[in-house]
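> Here is a sequence together with a model predicted from it:
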Amino acid sequence: MDDRFEAGRRALEEAVLRGPGVTDPELRRRIAERREIPADLVALVDKIERHAYTVTDEDLAAAKTKYSEDELFEIVVAAALGSALQRLHAGLRALENA
């Protein structure tokens with residue numbers, strides 16, 4: 001199936017996961033791909049993936065003990081992008097198999 005938004009999606013992935021930022025691009029990629037996530041971020045990333053609407057200020061405050069606000073922003077965006085891409089690919093596969 002043709003993904004007419006592929007170029008835009010790839011540009012977004014490039015910017016979020018490999019572009020300049022406060023966090024290491026490798027960390028952002030691992031978070032988006034759900035692999036080798038630092039133990040102190042597992043609960044937050046899991047919550048973003050499964051129930052993003054339930055993330056609270058308290059969840060972020062716990063992470064702020066180790067990460068700056070800029071780092072947390074990039075971590076949250078990478079986690080959200082990873083979840084979105086996972087759902088997109090599942091949807092595209094379903095359409096191909098329909």
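Received the coordinates, thanks. Just so we're clear, the structure is a prediction, and the values are computed from it rather than from any experiment. Numbering: from 1, shown residues only.

> Going by C-alpha atoms from here, please, whenever you check contacts or count neighbours.
Fine.

> And the pLDDT for the residue nearest the centre of the chain?
Compute the mean C-alpha point of the chain, and by C-alpha atoms, centre = their mean the closest residue is Ala79, 1.9 Å away. Ala79 is assigned a predicted lDDT (pLDDT) of 97.

> From Arg50, how far off is it?
11 Å (C-alpha to C-alpha, to the nearest Å).

> same thing with Leu85?
14 Å.

> what does Leu88 give?
Per C-alpha to C-alpha, Leu88 is found 15 Å from Arg50.

> Same check on Leu60?
Distance from Leu60 to Arg50, by C-alpha to C-alpha: 16 Å.

> quick one, which of those two is more surrounded?
Leu60 (16 against 10; other C-alpha atoms under 10 Å).

> For the protein, just list every one of the helices.
6-13, 25-33, 39-51, 57-63, 69-97 (DSSP state H).

> Just put those in CSV and tack on distance to Gly19.
Shown next, in CSV, are the helices of the chain (distance: least, C-alpha to C-alpha, whole Å):
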stretch, distance to Gly19
helix 6-13, 9
helix 25-33, 7
helix 39-51, 20
helix 57-63, 23
helix 69-97, 11
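
> Buried deepest among those helices, which one?
helix 25-33 (a mean of 20; mean count of other C-alpha atoms under 10 Å).
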